[in-house]
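Visitor: Please work out how this folds:
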Amino acid sequence: MSNESPLFPESLNRAMLVSLMYASRVVNERLDIDEVCREITRQAAAVTDAQGASLLLLDAAGNQLVFHTVIGLAEDVLAGERMPSDEGIAGRVMRTGQAAIVHDAQADKDFFTNIDGRTGVHTRSLIAVPLVYQGQALGVVEAVNPNGRERFEDVDVHLLDVLANLVAAAVHNAQLYSRASHDNQALRAASPGAHLVGQSEARQQIIQLCRKVAMTDTTVLLTGETGTGKEVVARMLCETSARNERPFIPVNCAALPENLLESELFGHEKGAFTGADKQRIGWFEMATGGTLFLDEIGEITPPVQVKLLRVLQEKQLTRVGGSKSVDCDVRLIAATNRNLAQRIKQGEFREDLYYRLNVFPIHIPPLRDRVDDVGPLIEHFLEQIAPTLGRPLPAVDPDAMSCLMRYAWPGNVRELRNIVERAVLLADDCIAVQHLPPEIASSTGTAAGAAPLTAGDTDVAPSDLSCTDVSGGASGAVGGGSTLAEHERALIIQALDASDWNQSKAARHLGVSRDNVRYRMKKYGITRR
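Guide: Next comes the predicted model:
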């Protein structure tokens, strides 16, 4: 180490340097802005053996310095106080970028004497050093009144200057983390809570599994086709967990190339690669205390898999281009539409990582296997989409609903939402078959679990059935000119009558689920007379 270095002059002995390094380690282990600033201010007072210290942060929008944290100097009076960023001793340090030592504060033309009057503290001597990160001024660190001495010495200035240089990155990262947390909370406040819409048995099973694992930190692996709602389930897990007040950060692993994904996940140090002109914390550090959702986890490359495995095993990460380990307190939820077991056989996915991820698997079936959710989802999307498009809430023609119920939905819930949005734009008061895409309007096949209602085990043929409306009046015999909706309604009433209105028995007669019967009863307004 050169004696000419402005950061480490000869007057800094080994004990002082050890103390500074300890202070730096303690500060850099934190991300919460309040914790970081309080620890810096505490260490500033400690390394200079001062009566008190303060940390002023720059509010660039208002061109002001704000007393963010104060130790030992009437904190209840000064904390939160603002002053112009170009006035006072702190303002002078901000303008010049140079540390200042003031042996007689009362005689300094820039000293605000009214502060002593408000706090009751008589300021004899003070030190102020700039807090600068990558050439950007963040604020000023001050130490006031050395203990047992009349004034500060040059070595105290060096100590505080070294501390400020060591912790500037921690302040910068904490500010980034604070902004990310604030944005995350604002997005949550502006959007409704995540919940699964529907009434199928599959939906109920998913909710039950989520309830069992939500309050733990267990890693969850969500599997299912694209568009089934894996992110909705991940958000629901987060919102019902003990980490619900902390960040939820979703990441689509397939959307970024390998080199960029690694940097985004784990962060990087300055100079780690071309274009890395400053240190950056990654999504894992951003999600500290909260939940990180890694979608399309099956797409990550082997080098990234290795680093992810280490994070899961050791709860620590290393930024790209760095050597220091950073503690990582994150609840991980992963999702994939790929067959990871098959990828393991092909040598494209690490088996040990798979077992680390697959601690608590939850499979989300495709929409064609939970057709009972189609109706409630359509209703949900109509109520959600129509107001945003400035359109009246339309009804759905029974024939159009029959087409929607019969379609296989290869794009799952995402496709259904897009179709509903298109229909809302095309229709006026009622969505009819002509408002649906040709492949749906002309669909004659049935999705799994969505077989058309038949007489099943009943003794009366469909052509002999007549249906009764809610008021008890006959709605007419089912004939060749009746719609599919009339057929379905008549069959449901017939099956319910034959089962003494036991919905489970009626469902068995019809060869469908009880949820299917309940949905159609609600759809057609069927009640027991």
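
Visitor: average pLDDT for stretch 263-279?
Guide: Mean pLDDT, computed over stretch 263-279, is 84.

Visitor: Surely Tyr177 touches Met286?
Guide: Yes - Tyr177 is within contact range of Met286, at 6.2 Å (criterion: C-beta atoms under 8 Å). Every residue, glycine included, has its C-beta placed from N, CA and C.

Visitor: where are the low-confidence patches of this protein?
Guide: Where the chain drops to pLDDT under 70, the residues are 1-20, 22-31, 60-62, 179-194, 443-485, 511-513, 515, 529.

Visitor: How is it divided into domains?
Guide: Under the assignment automatic domain parsing, the domains of the chain span 14-182, 195-365, 368-441, 462-524.

Visitor: Tabulate those domains in TSV, adding columns for mean neighbour count.
Guide: Shown next, in TSV, are the domains of the chain (neighbours: other C-beta atoms under 10 Å):
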stretch	mean neighbour count
domain 14-182	18
domain 195-365	18
domain 368-441	18
domain 462-524	17
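
Visitor: Quick check: the gap between Arg508 and Arg514.
Guide: 9 Å (C-beta to C-beta, to the nearest Å).

Visitor: just Leu309 next, same as before
Guide: 44 Å.

Visitor: same thing with Gly411?
Guide: Distance from Gly411 to Arg514, by C-beta to C-beta: 28 Å.

Visitor: where does Arg118 fall, phi/psi-wise?
Guide: Note on Arg118: its backbone torsions stand at phi -80, psi -40 [degrees, to the nearest 10].

Visitor: Double-check it against Leu73; I have them as touching.
Guide: No - the criterion here is C-beta under 8 Å, and Arg118 misses it with Leu73 at 10.5 Å.

Visitor: From Arg331, how far off is the most centrally placed residue in the chain?
Guide: Of all residues in the chain, the one closest to the mean position by C-alpha atoms, centre = their mean is Phe248, 2.1 Å from it. Separation of Phe248 from Arg331 (C-beta to C-beta): 10 Å.

Visitor: got any residues that touch both of these two?
Guide: Common contacts of Phe248 and Arg331 (C-beta atoms under 8 Å, 6 or more residues apart in numbering): 238, 290-291.

Visitor: In helices, which of those fall?
Guide: Cys238 (DSSP state H).

Visitor: any idea which of the shared contacts of Phe248 and Arg331 is closest to Lys324?
Guide: Ranked by distance to Lys324 (C-beta to C-beta), the shared contacts of Phe248 and Arg331 are led by Gly290 at 22.2 Å.

Visitor: OK, contacts around the closest one?
Guide: By C-beta under 8 Å, 6+ apart, the neighbours of Gly290 are 184, 238, 243, 246-249, 330-331.

Visitor: would you list every one of the helices in the stretch 301-450 of the chain?
Guide: For the stretch 301-450 of the chain, the helices defined by DSSP state H, counting those that start in this stretch cover 302-314, 340-345, 351-357, 374-389, 398-406, 412-426, 438-441.

Visitor: Report all helices and strands that the second one contacts.
Guide: Read it as helix 340-345. helix 351-357 (3 or more C-beta pairs under 8 Å, 6 or more residues apart in numbering; DSSP states H and E).

Visitor: and His172, what does it touch?
Guide: By C-beta under 8 Å, 6+ apart, the contact list for His172 reads 133-134, 136, 138, 279.

Visitor: Three-state assignment for it, please.
Guide: What DSSP: H, G, I helix; E, B strand; the rest coil gives for His172 is helix.

Visitor: likewise the one 4 residues further on?
Guide: Classification of Leu176 by three-state DSSP places it in helix.

Visitor: how close does the closest residue to it other than its chain neighbours sit to Asn259?
Guide: Of all residues not flanking Leu176 in the chain, Ile281 sits nearest, at 6.5 Å (C-beta to C-beta, 6 or more residues apart in numbering). Going from Ile281 to Asn259 by C-beta to C-beta gives 17 Å.

Visitor: Make sure Val66 is indeed in a strand.
Guide: Yes - under three-state DSSP, Val66 falls within a strand.

Visitor: any idea how far the residue nearest to Leu176 is from Gly321?
Guide: Per C-beta to C-beta, Ile281 is found 13 Å from Gly321.

Visitor: List the strands paired with the helix or strand encompassing Leu131, with their directions.
Guide: Per DSSP states H and E, Leu131 falls inside strand 126-133. Paired strands of strand 126-133, with direction, are strand 100-102 (antiparallel), strand 136-146 (antiparallel) (DSSP bridges).

Visitor: can you list the residues that contact that strand?
Guide: Here strand 126-133 makes contact (C-beta under 8 Å, 6+ apart) with 48, 50, 55, 57, 89-90, 92-94, 97-102, 105, 137-145, 152, 156-157, 160-161, 164-165, 167-169, 171-172, 278.

Visitor: Now with 7 Å, please.
Guide: Contacting residues not belonging to strand 126-133 are listed as 48, 89-90, 93-94, 97, 99-102, 105, 137-144, 152, 156-157, 160-161, 164, 168-169, 171-172 [C-beta atoms under 7 Å, 6 or more residues apart in numbering].

Visitor: Surely Arg319 touches Lys270?
Guide: No - at 10.0 Å, Arg319 and Lys270 do not qualify as touching, with contact defined as C-beta atoms under 7 Å.

Visitor: Just put the strands paired with strand 126-133 in CSV and tack on distance to Phe67.
Guide: Formatted as CSV, the strands paired with strand 126-133 follow (distance: least, C-beta to C-beta, whole Å):
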stretch, distance to Phe67
strand 100-102, 17
strand 136-146, 9
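
Visitor: between those strands, which gets nearest to Thr527?
Guide: strand 136-146 (67.5 Å).

Visitor: Output that closest one as PDB, restricted to C-alpha atoms.
Guide: The C-alpha trace of strand 136-146 is given here as PDB (Å, rounded to 0.1, in the frame of the first residue of the first chain):
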ATOM      1  CA  GLN A 136     -22.400  10.900  -8.400                       C
ATOM      2  CA  ALA A 137     -22.800  12.900  -5.100                       C
ATOM      3  CA  LEU A 138     -25.200  11.100  -2.800                       C
ATOM      4  CA  GLY A 139     -24.800  13.200   0.300                       C
ATOM      5  CA  VAL A 140     -22.500  14.200   3.200                       C
ATOM      6  CA  VAL A 141     -21.300  12.400   6.400                       C
ATOM      7  CA  GLU A 142     -20.600  14.700   9.400                       C
ATOM      8  CA  ALA A 143     -19.000  14.100  12.800                       C
ATOM      9  CA  VAL A 144     -19.400  16.600  15.600                       C
ATOM     10  CA  ASN A 145     -17.300  17.400  18.700                       C
ATOM     11  CA  PRO A 146     -14.500  14.900  19.500                       C
END
